[in-house]
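Visitor: 3D model of this:
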Amino acid sequence: MHELFRDVELKMKHALDHFHDELKQLRTGRASLSILEHVNVDYYGSPTPINQVANLSVPDPAMIVAQPYDPSVIGEIERAIQAADLGLNPSNDGKLVRIPIPQLTEERRKEMVKRAHDMAEVTRNAIRLARREGNEALKQMEKNKEIGQDDEHRGMDEIQKLHDHYIAETAKTLENKESDILTV
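Guide: Got it, this is the predicted structure:
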């Protein structure tokens, strides 16, 4: 039964971790290197993460600078950022790629918050699915006489506690991201 709890918790934790990764891609109006985390540059024919072809830095809250290790890939870095559809417009001076982070409009902020809520709902559904699978496994174990009814009920209570914990974590994470997005 402990293995079942560990498996259920692992699924719930994975859903929450995925939610954190997805939220990193949402812009908050401030420069953050996590915005570019999923940008891949075509580096001599193979897709390579941008942080492996350039040194990334945030000199001020409205700018990200990419200094390529190989200056010949400056154009590829610019194209990759534009193709990532992040709403960013990079420019280069032959040595550096400057990526200004524009201030978000109120409409764009609301759109970002809506996307964050959609991501949170997907996460909550994944957590509920893990709970349902765990409960069904407990019922099957009781049906097969591997555990008694008392153990089944205690197990369901334990799974419900895990569910409530991860749903609360999702809500807290969403609330923090929403305040980041809406703060001007």
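
Visitor: For this structure, which segments are assigned as helices?
Guide: Here the chain has its helices, by DSSP state H, at 2-24, 50-53, 74-83, 106-143, 149-182.

Visitor: Can you check which of the ones you listed gets nearest to residue 96?
Guide: helix 74-83 (8.2 Å; Cβ to Cβ). Placement of C-beta: from N, CA and C, glycine included.

Visitor: Please give me every residue in contact with residue 178.
Guide: Contacts of residue 178 were listed using Cβ atoms under 8 Å, 6 or more residues apart in numbering, and they are 113, 116.

Visitor: and if you look at the one 4 residues further on?
Guide: When contacts are counted by Cβ under 8 Å, 6+ apart, residue 182 is found next to 109, 113.

Visitor: go with 6 Å
Guide: Contact analysis of residue 182 by Cβ atoms under 6 Å, 6 or more residues apart in numbering lists residue 109.

Visitor: in this structure, which ranges drop under the pLDDT threshold?
Guide: 27-29, 184 (pLDDT under 70).

Visitor: distance of the residue of it positioned farthest from its centre from residue 152?
Guide: Relative to the centre of the chain, and counting by Cα atoms, centre = their mean, the farthest-placed residue is residue 145 at 41.0 Å. Counting by Cβ to Cβ, to the nearest Å, the gap from residue 145 to residue 152 is 11 Å.

Visitor: what does residue 67 give?
Guide: From residue 67 to residue 152 the distance is 60 Å (Cβ to Cβ).

Visitor: Compare these two (neighbour count), which wins?
Guide: residue 152 (19 against 14; other Cβ atoms under 10 Å).

Visitor: pretty sure the more buried one contacts residue 143?
Guide: No - the pair residue 152 / residue 143 is not scored as a contact, 9.3 Å apart, by Cβ atoms under 6 Å.

Visitor: ok, and what's touching stretch 127-140?
Guide: 4, 8, 11, 12, 15, 152, 155, 156, 159, 163, 166, 167.

Visitor: to the chain's geometric centre, what's the distance from it?
Guide: How far stretch 127-140 lies from its chain's middle: 25 Å, per Cα atoms, centre = their mean, to the nearest Å.

Visitor: Now do the buried residues in that stretch.
Guide: Buried residues in stretch 127-140, counting neighbours by 16 or more other Cβ atoms under 10 Å, are found at 127, 130, 131, 134, 135, 137, 138.
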